[in-house]
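Colleague: Give the three-dimensional model of this entry:
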Amino acid sequence: IPDEIPFTEYEKVKNNKNDYEDWYLGLVGFLGSFGAKYFGGYARHNKNDFTEQIQRGSIKNLKKQGAEVIIAYMHWGKEYEITIGKREDNMAKEMTKLGVDVIIGSHPHVVQTIKNYISKVSRKKTLCIHSLGNFVSAQMQDKNYNKMVGLMSSLTITKTTKGDEVKVLIGDIKNELIFT
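Modeller: The predicted structure is shown next:
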């Protein structure tokens, strides 16, 4: 049970599940750095056909299945670089266009930019944490202290329904640097 929820509140929710509206969360992960697999299936693509692969892949399927929030996990970026690459920036923009709500990245072993992307079509915002860095690290071979820092992030997803109007909001975003 998470520390933030009092036990009595947890019991209330657990025992009265039918009082709460259902909602659907879609999770998808991609190996963006090496471009061969995505979790939940297998796909082949190269650097130039990422857009086409994503459209044929999991994100569109999650939307068709009714996902109201989509979180993408990306294994991408160049190791030990604190700035994001053009390829990762373009991939995040494409996922924003496709309706992904949150992108969480890893692989560079250092903390990278946290950025909001905005879809030019829908004006919808996508939160992108490009790299969480290292949560636990034994990479102390040199004096690159960036490798000994990680990021713990949390957010709250809230769904409200008013008549036929449904809103899903992502907020209360918190990030805490940790020394590994």
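
Colleague: In the chain, which residue is most central in space?
Modeller: Residue closest to the average C-alpha location in the chain (C-alpha atoms, centre = their mean): Ile103, at 2.7 Å.

Colleague: Excluding residues flanking it in the chain, which one is nearest it?
Modeller: Leaving aside its chain neighbours, Ile103 sits nearest to Cys128 (4.2 Å; criterion: C-beta to C-beta, 6 or more residues apart in numbering). Using the backbone N, CA and C atoms, a C-beta is placed for each residue, glycine as well.

Colleague: and that neighbour, what are its bridge partners?
Modeller: Ile103, Lys115 (DSSP bridges).

Colleague: Next: Ile71.
Modeller: Leu27, Val102.

Colleague: quick one: it and His109, what's the gap?
Modeller: Relative to His109, Ile71 is positioned 22 Å away (C-beta to C-beta, to the nearest Å).

Colleague: State whether Lys147 is indeed within a strand.
Modeller: No. Counting by DSSP: H, G, I helix; E, B strand; the rest coil, Lys147 is located in no strand; its state is helix.

Colleague: No further questions, thank you.
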